[in-house]
Structures are given as C-alpha cells and as structure tokens.
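[1] Take a look and give me a structure for this.
(one chain, ligands or ions: 1)
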Amino acid sequence: MKDLKRVILKLSGEALTGNQKSGYDDAMIEDIARQVKEITDKGIQVGIVIGGGNYWRGRSNDSIDRTKADQIGMLATIMNCIYVSEIFRSTGIMTNVLTPFECGGITKLFSKDRANKYFSKGMVVFFAGGTGHPYFSTDTGVALRAIEMDADAILLAKAIDGVYDSDPKTNPAAKKYDSISIQEVVDKKLGVIDMTASVMCMENRIPLMVFGLNEKNSIVDAMSGKFNGTMVTV
Ligand code: UDP
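    Numbers count the residues shown, from 1 in each chain. Presented below is the predicted three-dimensional model:
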C-alpha cells in the first residue's frame, strides 16, 4: 500500500457508548482524540465519519416513511459528530464539522475545496450527515468521502478486531483474515461494510484497515507496522 498521507476513520455510533448503558463514554472518546492527535502530529490528515446507530436507524423504524426515518438518522450522525468534535477540541485538536446540507450556523456545508482547506490547516474534519440522502448509510458516506477526498485508506474501527470468515460470536472456530481482497469480501458477502460501500471502494480502489476500537492504541497501531487487524486490499 502507498504511504498513508490522508485517511478517513469510521466509528460506529454504538461504539461511542463504550461500556456505559447509554450516552457517551467521554474517557473512550478522549482516548480516540489522543490517538488521532498522535497521527496528525506526524503530518497525516485525518477525516472522521461517525454512524448514528446509538440514536436511530432508519431501516428499523417502519412505523414512518423511510425517507423521514433516514433523515432522522442523518441528523443523529450530526449530533454524534458535534459531540466528538467538542471532546477533540477540549484536548487541543482543531476541528470542523461539515455536512452535505445546510444546518444554519451549526455546521458548515461540505465541499471538497472547503475540506481541503481545513486539512491544509491541520484540522481534523468531521464528515457528518452521511451522504445527505436516504437509503444510504454512513458506510456509503465514508466510502464516498474517502473517494472524493482522495484518501489513501479507510480506517474501520469496529467492535470486532478484524474480518472473520464467519461470526465468531456464534462460531468459535471462526478464522480471522490478516489480509483479504475487497473482491473476496464482496463475493463472500462478509459484511465488513455494506454492499454498496464495498463496491464503491472496489471500483475506486480504496483499501480498508479493519480493527477493534477497544484494543489499546489500535488506531495508532493501524498506522504503524504493529497493525493487528485485517487489511482489505484492492
Ligand atoms: N443515513 C442515511 N443516509 C446516509 C447516512 C445515514 O439515510 O447517507 C441514516 C440511515 O437511516 C441510517 C442512520 O442514518 O440508519 C444511521 O447511520 P448508520 O450508518 O450508523 O446506520 P446503520 O448502518 O447502523 O443503520
């Protein structure tokens, strides 16, 4: 893989709750901030996409119109980004939150030029609000932003420490891959990220590094030779 100069980190919404029953696990988010700072201090640019599953999932709410349910989901991802961005700021990191639609003075409207401007100032850029369209997910959001922003890789921090050939929760013999091609992920429907996002990464040659968010220092390690997760190659 080429040198990593710009990466987009994807955090799931649920991950922000950490070991708590609800809300945000500040200590865990501060540790994410510390790790991201270690990476940006080396001159690597970091964008962040966060899911919204801790608040809301459009597809699990069939009592209302799907488009409306997904709009609530997109707003949930913005709330998560604002929170995490503020925790990052409290640790001395400069940040900005961009959304694909206007949110008044709350966020700034996404454009590639604007995001590049913030990156060049050394800021961590939060890409909130997903793609801005219903029937998509923040998986497709991270794929889209990684492609559009010419990122070198997506860092996928998950509850599980890599990609397995079957679910280790139900199959104790499940085998973890050190490396797997994105084509194989698609063919075997391994569900690392959703199918739309997988195909986008495959067609646009964006590799993914999949690792456990709960493993100590895993984000920093993903950027170094100590990577212990699964490399999804293109
Ligand atoms: N969402 C959407 N479009 C996007 C990104 C997200 O409609 O581009 C909505 C969708 O309802 C989704 C929710 O926001 O369920 C939360 O996003 P996340 O990716 O966390 O959803 P998940 O894949 O966990 O359902």
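[2] Wait, Val210 touches Asn228, no?
    No - counting by CB atoms under 8 Å, Asn228 is not a contact partner of Val210; they are 10.6 Å apart. C-betas here are computed from N, CA, C, even on glycine.
[3] Which one's more surrounded, the two?
    The neighbour comparison of Val210 against Asn228 (other CB atoms under 10 Å) goes to Val210, with 25 against 14.
[4] for whichever strand or helix holds the more buried one, what is the average pLDDT?
    Per DSSP states H and E: Val210 is located in strand 208-212. Here strand 208-212 scores 96 as its mean pLDDT.
[5] now do stretch 165-184
    Here the average pLDDT along stretch 165-184 is 95.
[6] ditto for stretch 12-23
    90.
[7] Of all the residues in it, which ones are buried?
    12-13, 15-18 (16 or more other CB atoms under 10 Å).
[8] How about stretch 131-151?
    131, 133-134, 136-147, 149, 151.
[9] got a list of what the residue nearest to Lys176 when sequence neighbours are not counted touches?
    Leaving out its chain neighbours, the residue that sits closest to Lys176 by CB to CB, 6 or more residues apart in numbering is Gly162, at 4.7 Å. Going by CB atoms under 8 Å, 6 or more residues apart in numbering, Gly162 touches 176-178, 210-212, 228-230.
[10] Would you list the buried entries among the residues you listed?
    For these, buried by 16+ other CB under 10 Å: 176-177, 210-212, 229-230.
[11] from those residues, which two are the most distant?
    Pairwise distances across these (CB to CB) peak at 14.0 Å, for the pair Tyr177 and Gly212.
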